[in-house]
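Trainee: next one to model:
(chains A and B)
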Amino acid sequence: MTIPNAPDWTAAAERCRNYRRRILDISQKISALHIAPAFSCLEIVDAIYNVLMPQDGPPDTFVMSKGHGVMAQYVVLEDRGVLSREDLDTYCTPNGRLGAHPDYGVPGIEASTGSLGHGLSIAAGMAYADRIRKVPRTTYVLLGDGEMQEGSVWEALMMAPNLKLSNLVAILDFNNYQGLGKTTQTHPHFLPMSEKVASFGWEAIDVDGHDTEALVNAVGNRQGDRPLFLTCTTVKGRGISYMIDAPIWHYRSPNRAEYALALKELGFELGP
Amino acid sequence: MRNTFASTFYEMATSDDRLVVVVADISPAGSIAQFRNEFPERFINTGVAEQVMIGLCAGMAQKGLRPFAYTIATFSVFRPYEMIRDDLCYQDLPVSIVGIGGGVSYSTLGSTHHAMEDVALMTGLPNMQVLAPCDPVETAAATRWLATKSQHPAYLRLGKAGEPDISSNAEEPWEFGRIRRLRRGRHTAFLSYGPILARLVTIADRMESCHGLSPTVINVSTLKPLDLDGIAKVLRSHEEVVVVEEHVPRGGLASYVKELAWDIRASCALKCFTLKDEFLHVYGAHEDLLSAHGLDSDNIAKALTIHG
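Mentor: Purely as a prediction, here's the structure:
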């Protein structure tokens, strides 16, 4: 597999800085959004859409299985012109069409998720259909680490190699946080993940989920004869110091002072 | 019914390469085995894994295929219910779920294998269509419709094998979303669906020979969308309406007919025969299970105003 573009890693970092700013701006109008889970997967979603997917012609498929991370997808889709500025400005309002979880039928949204444990099976079905219809397309699916506890995920992990889905790339946003604490503490024997998934027949690779170059190279350099499972070590709330290691930011919006501090940390001037 | 489904699916799928079947470790009946051999790419066995069966079907439908999920009714509905709700119904995809052994037809296997509440669960889902043919002839018609016309998720509730054809001579054709009169009569009307209709036809025959009075027999072969106008006409044109279904008392045809009767201020008598709201620890032939639930022919006939 070859990497489609000549990647500009500096530009990727700048895009992600602006995506974080956009999400923070929206948080000042609508409090119903998951900031920290979006910030942990932002480099991953950016890498999929802006580097790994073909930039001309029909796009690959991306399923946001950890549906609460969808803000990361919205800001990238806005940047790419799939969603409009008005779409994001009317997020979670009766005048708009974007909710706090992905809703199939909205442009760019490939599956309705929000309930965890659905996306990997759906993505496997998509990849299988592409294969038997001979459509040269890759299906990417992003999962959360808490989500890996759903039994349905393991049914899909079992089936994807059985179906020889070499056109399927599953990416785990391993930010090590779920509702009641750190995954490494609540479920210590569940980890590490890669060796378990590899034993199911996947090609499994570990990578830093905030290092776009490493992410892209891991996908680009895959063997490609099996489905790929990329475990991305990430930081929940990445980019904003006070959100890191603070579970409350899973679903809290910053107040005005916290917003100002966040912008400062990202290197933005606070406007008037 | 399962063999007719298999042969009809085979016939449709050989000419439409969008049709795929995903089974969960159930041995493919009749022609499905032939289909598997001829078109291995369009036959998937997930093994004992029903959640991924539904999820795979959803993803394939989103990429242009028309999948059928096929297993024993209980495992096709209860185990992956949230996948059916979110993946198929919320996303409104043309996936057909085929449940074999609706009701208590797996009569020796215990209640783990009895689909007694499936109609309530499936008709409760937005976008879901629910079809319950009464015999092999209707199974073929419903399967053809699902393969070619259906635009939404659907549940096809089938019996097992060996059901007699009772609709071949019906004066009205099978039509999705419409009730179908299998027998024209007066005073009393039976409303039912599925293989249990065969015994109502037998009761109707008996009543005609004994009393010269023959009940109307109506097949409600589409449970969602329900033919409310058609059922309202039956309620208005008969003195006594008897609903018989191999399903628990709540959420099935009996419930829907009672609701409708209230809405239209129906003046007929209304009697309902259903499975009990119980898990019976009874084993035997299908007939024995139905008797234990009070659904045997004699019990139904005895309760009618004019005895059969």
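Trainee: what secondary structure does residue 44 sit in?
Mentor: Because you didn't say which chain, this covers chain A. helix (DSSP: H, G, I helix; E, B strand; the rest coil).
Trainee: that answer is for a different chain, and I need it for chain B
Mentor: strand.
Trainee: what distance do you get for it to chain A?
Mentor: Distance of B:I44 to chain A, given as C-beta to the nearest C-beta, to the nearest Å: 7 Å. Glycine gets a C-beta too; all of them are placed from N, C-alpha and C.
Trainee: beta-bridge partners for the residue nearest to that residue when sequence neighbours are not counted, please?
Mentor: Nearest residue to B:I44, sequence neighbours excluded (C-beta to C-beta, 6 or more residues apart in numbering or on different chains): B:V22, at 4.6 Å. B:V22 forms beta bridges with B:I44, B:A69, as assigned by DSSP bridges.
Trainee: show me the contacts for A:A47.
Mentor: A:12, A:212, A:215-216 (C-beta atoms under 8 Å, 6 or more residues apart in numbering or on different chains).
Trainee: hmm, I was thinking of B:A120
Mentor: By C-beta under 8 Å, 6+ apart, the residues touching B:A120 are B:247-248, B:250-252, B:255.
Trainee: where are the low-confidence patches of the stretch 151-272 of chain A?
Mentor: For the stretch 151-272 of chain A, applying pLDDT under 70 flags the ranges A:271-272.
Trainee: ok, the nearest residue to B:V220 once chain neighbours are set aside to chain A distance?
Mentor: Distance criterion C-beta to C-beta, 6+ apart; nearest residue to B:V220, sequence neighbours excluded, is B:Y193 at 4.7 Å. Note on B:Y193: its distance to chain A, by C-beta to the nearest C-beta, is 31 Å.
Trainee: from the chain's centroid, how far away is the longest helix seen in chain A?
Mentor: Identified as the longest helix of chain A according to DSSP state H is helix A:9-27. With C-alpha atoms, centre = their mean, to the nearest Å as the basis, helix A:9-27 stands 14 Å off its chain's centre.
Trainee: can I get the next helix or strand after that helix in PDB? Just the C-alpha atoms.
Mentor: The helix or strand immediately downstream of helix A:9-27 is helix A:35-40, counting by DSSP states H and E. Once non-C-alpha atoms are left out, helix A:35-40 reads as follows in PDB (Å, rounded to 0.1, in the frame of the first residue of the first chain):
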ATOM      1  CA  ILE A  35     -14.200  17.700  24.000                       C
ATOM      2  CA  ALA A  36     -11.600  15.500  25.600                       C
ATOM      3  CA  PRO A  37     -12.600  12.300  23.600                       C
ATOM      4  CA  ALA A  38     -12.500  14.400  20.400                       C
ATOM      5  CA  PHE A  39      -9.100  15.800  21.200                       C
ATOM      6  CA  SER A  40      -7.600  12.400  21.800                       C
END
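Trainee: the residue nearest to B:I44 and B:G47 touch, don't they?
Mentor: No. Contact between B:V22 and B:G47 fails when scored by C-beta atoms under 8 Å: they sit 11.0 Å apart.
Trainee: so for these two, which sits in the more crowded spot?
Mentor: Between B:V22 and B:G47, B:V22 has the larger neighbour count (other C-beta atoms under 10 Å in any protein chain shown), namely 27 against 15.
Trainee: which outside residues touch the helix or strand of chain B with the lowest mean pLDDT?
Mentor: When the helices and strands of chain B are scored by mean pLDDT, DSSP states H and E, helix B:297-303 comes last with a mean of 86. Residues from elsewhere that reach helix B:297-303, judged by C-beta under 8 Å, 6+ apart: B:199-200, B:202-203, B:206-207, B:242, B:244, B:271, B:273, B:291, B:307-308.
Trainee: run a quick neighbour tally on B:D229.
Mentor: Neighbours around B:D229, by other C-beta under 10 Å: 10.
Trainee: for chain B, longest helix please?
Mentor: When chain B is parsed with DSSP H, its longest helix is helix B:197-211.
Trainee: before we move on, the earlier item: what two of the contacts of A:A47 have the greatest distance between them?
Mentor: Greatest spacing in the contacts of A:A47, by C-beta to C-beta: A:A12 and A:L215 (9.5 Å).
Trainee: list residues touching both of these two?
Mentor: With C-beta under 8 Å, 6+ apart as the test, A:A12 and A:L215 both reach A:43, A:47.
Trainee: who are the contact partners of the residue nearest to B:I44?
Mentor: When contacts are taken as C-beta under 8 Å, 6+ apart, B:V22 is in contact with B:44-46, B:53, B:56-57, B:67-70.
Trainee: try it again with 10 Å
Mentor: By C-beta atoms under 10 Å, 6 or more residues apart in numbering or on different chains, the contact list for B:V22 reads A:125, A:128, A:159, B:42-46, B:50, B:52-57, B:60, B:67-71, B:95, B:97.
Trainee: repeat for B:C268
Mentor: So B:C268 contacts B:187-189, B:234-241, B:261 (C-beta under 10 Å, 6+ apart).
Trainee: repeat the analysis, applying 6 Å as the threshold.
Mentor: Contacts for B:C268 were tallied using C-beta atoms under 6 Å, 6 or more residues apart in numbering or on different chains; they are B:235, B:238-239, B:241.
Trainee: repeat that for A:L163.
Mentor: A:Y128.
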